[in-house]
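>>> need a structure here:
(4 chains)
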2 protein chains.
Amino acid sequence: MAVHQTARPDRRGDANATLWFSAPDTGERRAALNRERVVAEALALIAQEGVPALTMRAVAARLGVVPGALYRHVRSKEQLQDLLLDGVLAEVDCTIDRALPWADQIKVLAHRLRDVLADHPGVAGLMTVRDPLGPHSLTLAEAFLQPLHTAGFPHREAGLAFFLIVGYAVGFEVGNTRISVNEQRVQDPATRRRLHEFFRSLPDDRFPTLVALGEHVWLDNRDERFEAGLDVLVSGLQRRATAPSSDADAGLSA
Amino acid sequence: MAVHQTARPDRRGDANATLWFSAPDTGERRAALNRERVVAEALALIAQEGVPALTMRAVAARLGVVPGALYRHVRSKEQLQDLLLDGVLAEVDCTIDRALPWADQIKVLAHRLRDVLADHPGVAGLMTVRDPLGPHSLTLAEAFLQPLHTAGFPHREAGLAFFLIVGYAVGFEVGNTRISVNEQRVQDPATRRRLHEFFRSLPDDRFPTLVALGEHVWLDNRDERFEAGLDVLVSGLQRRATAPSSDADAGLSA
DNA sequence: ACAGTATCGTGAACGACGTTCACTGTCAAT
DNA sequence: ATTGACAGTGAACGTCGTTCACGATACTGT
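I've put the predicted structure just below:
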């Protein structure tokens, strides 16, 4: 720490050479801490060590700064998470070929959203507790709603479908927190074997179907699971779109 | 992942061992602290003050005991959460009239699951991180799989549908953490008004559909949302059940 | 050019958290 | 009566988010 005091000016140390010829105003501030740098470093940290490692102290350490310094740029960890979330959502490509059938547009967007969330493990968990209203979140919402709207979904139905799809993609990735990129404890064969064994050991008088279906219930291929579930969802939406809510539809509302 | 049942031969029987195969119970200890009392108190705490208030120290305090004492009965907070989760899932009534159409059976079960999760706000969040393999979780899985199986879904499809439905119900309640029963900040009218105002203030050149659909996108009636989403899901499943994957289904694999 | 001021990072602390551990009682069985 | 297993105690350790007075720095208006 004592090294730190003397090391602190070193950030602008090599810049002193060029300092006297008065860099133009457009010249960037000398690597000062700002909100963007904090968020970017938090993103890097989350990408490398996972969400549980997202710690004010850890972010501060990576920036070569004392923990309390972060609070000059971010009000709380909660706010940092909000910024983080919108930063991640910004990575979703929202451009889409509007010539495609609306169902395909939805599927493509859902896949993109899922991929981005999968690239930042744990971030999906943030979306369940802080609902995203940042600019990029809204852009994403717009991208989803546009096909639904032109497909003829009325207001409430479109909103419903939107939440359904996004909620599916988010919910699918929630809890997918592989600690590190190196530590692949996902799909650990030993764990899977023990799981299968566990299923076979179940008493088939109490769980006949469970034993009958066996280990096939717990699908290991996540991509396949996402794809299939998405197909079911969109199928249901298509059925709604073609047959617009005429019959016993709101029958058993609470 | 994390079946988490590492065979650790402890003196008093391993924690997870009693999750399954009712432990011999060995006659009641004195009016002493036992695992059941700890779990029960944690459930009461979670019901009164919400999941974030679930703290080892808080549970200990309610039991009139020092924090470290809990570790005689529970290996860690993580395990306490597992026990908690299975305790909550035990409240789901899994009896169902098998004369009903399979789609209705699924819907009834999903509603019951949702209701129980809503009764214990925040518990759904536990399910996303600790996948439930306790006895009551398995009973619930059996209840869901039985109608799907008799409906003719093949193995993988049944498993997929099961995860889809349960994941939907769980995901729907995840993040529904109203802090206290008294503090009803959910559906706060002021917040809702500000939200509507916010939507009207959006630039309609960047978010045309979003502005057009307006505040109807954010449905306030959660019951209606759950019901409608569930209908869409089951619709999609029905389409699959009747027409078993024939047409352009795997067209746009990534 | 200089004083005034706004801002930034520091260092140290506070309280709460999960968890551990040596110790002390309190019984049941020998 | 001695032993010994065990439940609960008290105190600590290391972590976390957050706050705050204090200097140091950079920018401003005059």
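
>>> around residue A:155, count how many other residues there are.
Neighbour count of residue A:155, defined by other Cβ atoms under 10 Å in any protein chain shown: 16. From N, CA and C alone the C-beta is placed, and that goes for glycine too.

>>> that one contacts residue B:217, doesn't it?
Yes. Applying Cβ atoms under 8 Å, one finds residue A:155 in contact with residue B:217, separated by 7.4 Å.

>>> what's near enough to touch residue A:217?
Going by Cβ atoms under 8 Å, 6 or more residues apart in numbering or on different chains, residue A:217 touches A:199, A:210, B:141, B:145, B:155, B:158, B:159, B:162.

>>> run a quick neighbour tally on the nearest residue to the fifth one once chain neighbours are set aside.
Nearest residue to residue B:155 in three dimensions, chain neighbours excluded: residue A:216, at 3.9 Å (Cβ to Cβ, 6 or more residues apart in numbering or on different chains). The criterion is other Cβ under 10 Å. On that basis, residue A:216 has 17 neighbouring residues.

>>> where in the stretch 1-150 of chain A is pLDDT low?
Low-confidence segments of the stretch 1-150 of chain A (pLDDT under 70): A:1-31, A:129-131.

>>> pick out the residue of it closest to DNA strand D.
In the stretch 1-150 of chain A, the residue that lies nearest DNA strand D is residue A:68 (2.6 Å; Cβ to the nearest atom of the strand).

>>> buried residues in the biggest helix by length in chain A?
Across chain A, the longest stretch assigned as helix under DSSP state H is helix A:222-242. Of the residues in helix A:222-242, A:225-238, A:240-241 count as buried by neighbour count, 16 or more other Cβ atoms under 10 Å in any protein chain shown.

>>> residue A:100 sits in which helix or strand?
Here residue A:100 is covered by no helix or strand, with elements defined by DSSP states H and E.

>>> show the pLDDT at the residue in the stretch 51-200 of chain A positioned nearest to chain B.
In the stretch 51-200 of chain A, the residue that lies nearest chain B is residue A:171 (3.1 Å; Cβ to the nearest Cβ). We have a pLDDT of 90 for residue A:171.

>>> how close does it get to DNA strand D?
From residue A:171 over to DNA strand D the distance is 25 Å, taken as Cβ to the nearest atom of the strand, to the nearest Å.

>>> residues touching that residue, list them.
A:124, A:128, B:128, B:167, B:168, B:170, B:171, B:174.

>>> tabulate the contacts of residue A:217 (JSON lines), appending distance to DNA strand D.
Listed next are the contacts of residue A:217 as JSON lines, based on distance: Cβ to the nearest atom of the strand, whole Å:
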{"residue": "A:199", "distance to DNA strand D": "32"}
{"residue": "A:210", "distance to DNA strand D": "34"}
{"residue": "B:141", "distance to DNA strand D": "33"}
{"residue": "B:145", "distance to DNA strand D": "38"}
{"residue": "B:155", "distance to DNA strand D": "43"}
{"residue": "B:158", "distance to DNA strand D": "42"}
{"residue": "B:159", "distance to DNA strand D": "37"}
{"residue": "B:162", "distance to DNA strand D": "36"}
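
>>> of those, the lowest pLDDT goes to which?
Scanning those for pLDDT, the low point is residue A:199. It has 83.

>>> picking that back up, in helices, which of the contacts of residue A:217 appear?
Counted as lying in helices by DSSP H, out of those, are A:199, A:210, B:141, B:145, B:155, B:158, B:159, B:162.

>>> before we move on, the earlier item: out of the contacts of residue A:217, who's near DNA strand C?
Applying Cβ under 7 Å from any atom of the strand to the contacts of residue A:217, one finds that nothing falls near DNA strand C.

>>> shouldn't residue A:144 be in contact with residue A:165?
Yes. Using Cβ under 8 Å, residue A:144 is in contact with residue A:165, at 6.5 Å.

>>> need the residues touching each of those two.
In contact with both residue A:144 and residue A:165: A:106, A:109, using Cβ under 8 Å, 6+ apart.

>>> those two: which is more packed in?
residue A:144 (26 against 23).

>>> on the three-state scheme, the residue of the stretch 1-150 of chain A closest to DNA strand D is what?
For residue A:68, the secondary structure call by DSSP: H, G, I helix; E, B strand; the rest coil comes out as helix.

>>> show me what from the stretch 51-200 of chain A comes close to DNA strand D.
A:54, A:55, A:56, A:57, A:58, A:67, A:68, A:71, A:76, A:77, A:78.

>>> DNA strand C: which of these is nearest?
residue A:68 (3.1 Å).

>>> residues near that closest one, how many?
Neighbours of residue A:68 (other Cβ under 10 Å): 10.

>>> near chain B at all, the helix or strand residue A:191 falls within?
Using DSSP H and E, residue A:191 sits within helix A:189-200. Yes. On the criterion Cβ under 8 Å from any Cβ of the partner chain, helix A:189-200 is in touch with chain B at A:191, A:194, A:195, A:198.
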